[in-house]
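A.B. asks: Sequence and predicted structure below; questions after.
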Amino acid sequence: MITGTALIRMYCNCSTLENAHSLFTTLSEKDAMSWAILISAYVQHDNGHEAVALFEHMQQEGMMPNNYIYNKLINACAAVPNLDEGQRAHSRIVGTEFERCIFVNNALVDMYAKCGSLDLAHKIFMSMMKKDLVSWNAIITAFTQYGLADEVFKQYEKLKADGFKPDEYTFSCMLSICTSLGDINMGRYIHGEVRNAGLGCRLPVVNALLDMYSKCGCLEEAHKLFNSMGARNDVSWTTMIAGCVRERRDAQVLKHFSCIPRRDVFSWTALIQGYVQYGHHDEALDFFLKMQGEGVRPN
RNA sequence: GACUUGCGA
């Protein structure tokens, strides 16, 4: 038997959101999960506004939200980002059984940080009786977003003192803060921690290492690491291209660009940026057109 | 069976 939720899921994956949405409106019984899947799809497509609107529509139809749906709503507010909407979402949860839900609170920490209120994010984090690794990662990410390196390192130590093991999310964040500080020594220290944790092969971590080395003036080390990678993704390639552009290594820029298996808008933009930086506006324009010729839409 | 945190221009 094919259920409504399975159909919605399939349409979200294989068709357009519009088709999924119109199929959704024809479902005779819409359960919480089908609402959650559709709201989630809008968030993934960077349409937080529509996701919030769907939530309102859901309430009008008398559907009671559960913690999954609240998380999706909070997520949508973070994606917009819209602090008012986020606070409204938060106040809807206060007084419900979900107020103490760790997943919901983790989402709130993230949402407040992304909506510009580090203060509220921190308040939520502090108020949590029980924290998991995601809670710690969310607050570390928040401090990273605001460039508060001292706090980032402080929370990193506290997380470990609390008995948690930093994971690949933690390490990507730690590396980001080293990158923005330009602190190669701290970066190397974190790299050591990554190795000790056995996470030296996780793509987001290696990519963050590539970025850290190349932006801290160690492009050669970034290259060595890049060459040793067993698997690479779009981020790995673009990180290297951007690094070579910054160091004006024209030949390497082009070599890397020609090797990318699949070029996305970020890799194209890194290349075009290189030409703009060198003052070669005609080539920049050529590549801009070529990009569209290959079906990549400018953003 | 659906939910929260991380990497590139």
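C.D. replies: Perfect, thanks for sending it. Residues are numbered from 1 along each chain as shown, chains lettered A, B, ... in the order given.
A.B. asks: Residue A:187 contacts residue A:175, doesn't it?
C.D. replies: Yes: with contact defined as Cβ atoms under 8 Å, residue A:187 reaches residue A:175; the gap is 6.5 Å. Where C-beta positions appear, they are placed from N, C-alpha and C, glycine not excepted.
A.B. asks: So which residues on the stretch 51-200 of chain A come close to RNA strand B?
C.D. replies: Within the stretch 51-200 of chain A, the positions adjacent to RNA strand B are A:66-69, A:71-72, A:75, A:78, A:102-104, A:106-107, A:110, A:133-135, A:137-138, A:141, A:168-170, A:172-173, A:176 by Cβ under 7 Å from any atom of the strand.
A.B. asks: 6 Å - rerun?
C.D. replies: A:66-68, A:71-72, A:75, A:103, A:106-107, A:110, A:134, A:137-138, A:141, A:168-169, A:172-173, A:176 (Cβ under 6 Å from any atom of the strand).
A.B. asks: intersection of neighbour lists for residue A:187 and residue A:175?
C.D. replies: Residues touching both residue A:187 and residue A:175 (Cβ atoms under 8 Å, 6 or more residues apart in numbering): A:209, A:212.
A.B. asks: okay, now the residue nearest to residue A:45 when sequence neighbours are not counted: neighbour count?
C.D. replies: Using Cβ to Cβ, 6 or more residues apart in numbering and skipping the chain neighbours, the partner closest in space to residue A:45 is residue A:17 (5.8 Å). The tally of other residues near residue A:17 (other Cβ atoms under 10 Å) stands at 17.
A.B. asks: just checking, residue A:17 touches residue A:42?
C.D. replies: Yes: counting by Cβ under 8 Å, residue A:17 does reach residue A:42; the two are 6.7 Å apart.
A.B. asks: hmm, back to that, could you flag which of the residues of the stretch 51-200 of chain A next to RNA strand B are buried?
C.D. replies: The neighbour-count criterion (16 or more other Cβ atoms under 10 Å) marks A:66-68, A:71-72, A:75, A:103, A:106-107, A:110, A:134, A:137-138, A:141, A:168-169, A:172-173, A:176 among these as buried.
A.B. asks: Out of these, which sit inside helices?
C.D. replies: Among these, DSSP state H puts A:67-68, A:71-72, A:75, A:103, A:106-107, A:110, A:134, A:137-138, A:141, A:168-169, A:172-173, A:176 in helices.
A.B. asks: separation between the residue nearest to residue A:45 and RNA strand B?
C.D. replies: Distance, residue A:17 to RNA strand B, by Cβ to the nearest atom of the strand, to the nearest Å: 15 Å.
A.B. asks: got the contact list for that residue?
C.D. replies: Here residue A:17 is in contact with A:41, A:42, A:45, A:47 (Cβ under 8 Å, 6+ apart).
A.B. asks: tell me the pLDDT at the third one?
C.D. replies: If you check residue A:45, the pLDDT there is 84.
A.B. asks: List phi and psi for it.
C.D. replies: phi -90, psi 20 (degrees, to the nearest 10).
A.B. asks: where does it sit relative to RNA strand B, distance-wise?
C.D. replies: From residue A:45 to RNA strand B the distance is 13 Å (Cβ to the nearest atom of the strand).
A.B. asks: repeat for the last one
C.D. replies: According to Cβ to the nearest atom of the strand, residue A:47 stands 15 Å off from RNA strand B.
A.B. asks: contacting residues for that residue?
C.D. replies: Applying Cβ under 8 Å, 6+ apart, the residues contacting residue A:47 are residue A:17.
A.B. asks: rerun that using 10 Å as the cut-off
C.D. replies: Going by Cβ atoms under 10 Å, 6 or more residues apart in numbering, residue A:47 touches A:17, A:41, A:53, A:54, A:76, A:79, A:80.
A.B. asks: from those, which is closest to residue A:61?
C.D. replies: For the contacts of residue A:47, the closest approach to residue A:61 (Cβ to Cβ) belongs to residue A:54, at 10.5 Å.
A.B. asks: For the nearest residue to that closest one once chain neighbours are set aside, give me the pLDDT.
C.D. replies: By the measure of Cβ to Cβ, 6+ apart, the closest residue to residue A:54 outside its immediate chain neighbours is residue A:39, 5.1 Å from it. Among the per-residue scores, residue A:39 holds a pLDDT of 88.
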